[in-house]
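[1] the amino acid sequence is not available; the structure is as follows:
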């Protein structure tokens, strides 16, 4: 990701933001080797020369809480002054870190915001392989992220999660002591919502993906018009040895949830409707897409409405491109350019 960050004395620098990358040797260990030098980092290099930035360089050596490798990140400019100032970086250990320089003085603050679980093994780690999406709210940042081990797509033991985490930028902050955990959030898996006036969600909410064995999140979420969208993959329970066969590919799903509560946002399940009246219930949270691992959802706002486009493959559903009409988008400001 190419962007501009503040350095010092009011100066700035165009850089490439990078995550440390994948390290197969340690990613399944309960405690990765202390001497492991791969993957456990978030840093920047000069976009022109490739020189390592002295302003933005966090790794296990200077920030020991980064125990597992980081393979993706999200960054943005929260006040639209053309300087990137906030980075969210999840790890394969189920930890979510945030770095910020919203003072634009070239000094980045680091926080271990969230911990999904204390360590684990290949079948118990809650791994973050995809970057989160972030919504700016009055209290701070609402952060959306899901777990799932795409490196072991057929694994069925782990019950993965989808999290909505409130980062209130609490001060003072102490990593570990202040770090949020799953116990800090409201579990809304069972859809046992009361009247809206009773919703608290002080630190956010989460859903256990426990209805389909081995279901795992396989995309960065997209939040649009107060709906959070993400795709999942569930491995097939049958055994298939023919690599050219279309059976045994598993299947993908699209989730569409109200971003503040985790309730179903769209009428995906029309079988529970009452006559002409739509009934939005737990079964409307997701819809089956087709065989194989679905693509990252792509949102397109056109003059004819807003579309969500997802690629699928294989048998057992509608293969190819799936397109969904999404409410909202009428207020989007179009930008045009001409390319010769």
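    On my side now, so go ahead. In this text the structure is predicted, and so the values were computed from the model without any measurement.

[2] who is the closest residue to residue 312 other than its chain neighbours paired with across the strands?
    Leaving out its chain neighbours, the residue that sits closest to residue 312 by CB to CB, 6 or more residues apart in numbering is residue 290, at 3.6 Å. Quick note: C-beta positions are derived from backbone N, CA and C, even for glycine. Taking DSSP bridges as the rule, residue 290 bridges to residue 252.

[3] distance of residue 290 from residue 320?
    8 Å (CB to CB, to the nearest Å).

[4] could you count how many residues lie near the closest residue to residue 328 other than its chain neighbours?
    Closest residue to residue 328 apart from its sequence neighbours, by CB to CB, 6+ apart: residue 225 at 3.1 Å. By other CB atoms under 10 Å, the residues close to residue 225 number 15.

[5] ok, residue 225 - contacts?
    Residues near residue 225 by CB atoms under 8 Å, 6 or more residues apart in numbering: 306, 326-329.

[6] one step back: verify the stated contact: the residue nearest to residue 312 with residue 253.
    No: distance between residue 290 and residue 253: 9.6 Å, which falls outside the contact criterion (CB atoms under 8 Å).

[7] tell me the secondary structure at residue 296.
    Here residue 296 is recorded as coil under DSSP: H, G, I helix; E, B strand; the rest coil.

[8] I'd guessed it sits against residue 221; true?
    No: when contacts are counted by CB under 8 Å, residue 296 is not listed as touching residue 221 (10.0 Å).

[9] quick check on the residue nearest to residue 6 when sequence neighbours are not counted: phi, psi?
    Spatially, and ignoring its direct neighbours in sequence, residue 6 is nearest to residue 104 (4.0 Å; CB to CB, 6+ apart). Per-residue torsions, residue 104: phi 60, psi 40 (degrees, to the nearest 10).

[10] need the pLDDT of residue 104.
    At residue 104, the pLDDT value in this model is 93.

[11] go ahead and confirm it touches residue 82.
    No: here residue 104 lies out of contact with residue 82, judged by CB under 8 Å, at a distance of 10.5 Å.

[12] neighbour-wise, which of the two wins?
    Between residue 104 and residue 82, counted using other CB under 10 Å, residue 104 has the larger neighbour count: 16 against 9.

[13] and residue 317, what pLDDT?
    For residue 317, the pLDDT comes out at 50.

[14] cool, the one 4 residues further on as well?
    As predicted, residue 321 sits at a pLDDT of 87.

[15] kindly report the same for residue 27.
    Here, the pLDDT recorded for residue 27 equals 72.

[16] give the burial count for the closest residue in space to it that isn't next to it in sequence, as a bare number.
    Distances taken as CB to CB, 6+ apart place residue 92 nearest to residue 27, at 4.8 Å, with adjacent residues excluded. Other residues within reach of residue 92, judged by other CB under 10 Å, total 26.

[17] cool, residue 187 as well?
    By other CB under 10 Å, 14 other residues sit near residue 187.

[18] now do the same contact list for the residue nearest to residue 71 when sequence neighbours are not counted.
    Nearest residue to residue 71, sequence neighbours excluded (CB to CB, 6+ apart): residue 22, at 5.1 Å. Going by CB under 8 Å, 6+ apart, residue 22 touches 39, 69, 71, 92, 151.

[19] ok, of those, which come out buried?
    For the contacts of residue 22, a neighbour count by 16 or more other CB atoms under 10 Å gives the buried set as 39, 69, 71, 92.

[20] hang on, the first one packs against residue 70?
    Yes: using CB under 8 Å, residue 39 makes contact with residue 70 at a distance of 6.6 Å.

[21] need the overlap of contacts for those two.
    Shared contacts of residue 39 and residue 70 (CB under 8 Å, 6+ apart): 20-21.

[22] on that earlier part again, which among the contacts of residue 225 gets closest to residue 140?
    Among the contacts of residue 225, residue 328 lies closest to residue 140 (CB to CB), at 23.5 Å.
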